[in-house]
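Colleague: I would like to see how this sequence folds:
(2 chains)
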Amino acid sequence: AQSVTQPDARVTVSEGASLQLRCKYSYSGTPYLFWYVQYQRQGLQLLLKYYSGDPVVQGVNGFEAEFSKSDSSFHLRKASVHWSDSAVYFCAAMPNYNVLYFGSGTKLTVEP
Amino acid sequence: EAGVTQSPRYAVLQEGQAVSFWCDPISGHDTLYWYQQPRDQGPQLLVYFRDEAVIDNSQLPSDRFSAVRPKGTNSTLKIQSAKQGDTATYLCASSPGTGVDTEVFFGKGTRLTVV
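Modeller: Prediction:
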């Protein structure tokens, strides 16, 4: 079935540590790929997007993601997390360039 | 620039009651989406419009849910006879068309609790 999979429902890291949130997609071809963040009681905010070209894309607040066609993945990374990064992160795909399909989300907790 | 506006922010209903959610997209955005986000899950598409036309409503429970966008601007999502399983946050989003380099902007959502 076509889908976006985020295998880690919850991730806890210490402030200042590096972060990787995993995302795998299952669509024919290469869909547009996105990472969104949802802070408590806020709307979804776009962190970064991938359409084509350089597989490493830079986003806001020091986030980056790497696309891998061979692995069907689009993992999100950050070199050093801050307590304010605590939120729920969603990976999403746009396979037909018109509708976003989301993974189940990863809740990130940054401990002091 | 004003973002996507939704109202109300919260709603609490008893089973069997009806409720309507309202969405004002970003000005000039011709594509409007409604998503349902159950607690601790990702958003799931219910329906989307291009201008006033429904493009895909295949995931909308048609017996109790309806959505309209009569003038191609604001939109209303209505639930008739709500059930406890409808408890979720309902997100509205808009975009300036579809295709290459499209970005979708989301409202803050309406949190619905059905008791």
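Colleague: from the chain's centre, how far out does stretch B:99-110 sit?
Modeller: The gap between where stretch B:99-110 is centred and where its chain is centred comes out at 12 Å by Cα atoms, centre = their mean, to the nearest Å.
Colleague: Repeat that for stretch A:48-55.
Modeller: For stretch A:48-55, the distance to the chain centre is 13 Å (Cα atoms, centre = their mean).
Colleague: average pLDDT across that stretch?
Modeller: Taken as a whole, stretch A:48-55 carries a mean pLDDT of 92.
Colleague: does it come close to chain B?
Modeller: Yes. Among the residues of stretch A:48-55, A:K49, A:Y51 lie within reach of chain B under Cβ under 8 Å from any Cβ of the partner chain. (Glycine included, C-beta is placed from N, CA and C.)
Colleague: What residues does chain A have near chain B?
Modeller: Neighbours of chain B within chain A, by Cβ under 8 Å from any Cβ: A:4, A:6, A:9, A:32, A:36, A:41-46, A:49, A:51, A:90, A:92, A:94, A:97-105.
Colleague: Sketch out the low-pLDDT regions of chain B for me.
Modeller: For chain B, residues meeting the criterion pLDDT under 70 lie at B:1, B:100.
Colleague: residue boundaries of the helices in it?
Modeller: Counting by DSSP state H, one finds no helices in chain B.
Colleague: thought B:Q36 was touching B:G42?
Modeller: No. With contact defined as Cβ atoms under 8 Å, B:Q36 does not count as touching B:G42 (10.2 Å).
Colleague: Just give the number of residues close to residue 58.
Modeller: Defaulting to chain A. Here the number of neighbours of A:Q58 (other Cβ atoms under 10 Å in any protein chain shown) works out to 11.
Colleague: Chain B is the one I meant
Modeller: Counted with other Cβ under 10 Å, residues neighbouring B:S58 total 8.
Colleague: How about the one 4 residues further on?
Modeller: Residues contacting B:S62 under the criterion other Cβ under 10 Å number 10.
Colleague: Near chain A, which residues of chain B? Just list them.
Modeller: Within reach of chain A by Cβ under 8 Å from any Cβ, chain B has these residues: B:3-4, B:31, B:33, B:40-45, B:48, B:55-56, B:91, B:93, B:98-104, B:106-109.
Colleague: Would you show me how to pick out the buried ones of those in PyMOL?
Modeller: This is the PyMOL syntax for the buried subset of these, where burial follows 16 or more other Cβ atoms under 10 Å in any protein chain shown:
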select buried, chain B and resi 4+31+33+42+43+45+48+91+93+98+102+104+106+107+108+109
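Colleague: Which of the residues of chain B next to chain A fall in strands?
Modeller: Per DSSP state E, strands hold the following members of these: B:T31, B:Y33, B:Q44, B:L45, B:Y48, B:I55, B:D56, B:L91, B:A93, B:F106.
Colleague: Out of those, which is nearest to chain A?
Modeller: Using Cβ to the nearest Cβ, B:F106 comes nearest to chain A of these, at 4.2 Å.
Colleague: right, and that closest one touches A:L44 too?
Modeller: Yes. A contact is recorded between B:F106 and A:L44 when judged using Cβ under 8 Å, the distance being 4.2 Å.
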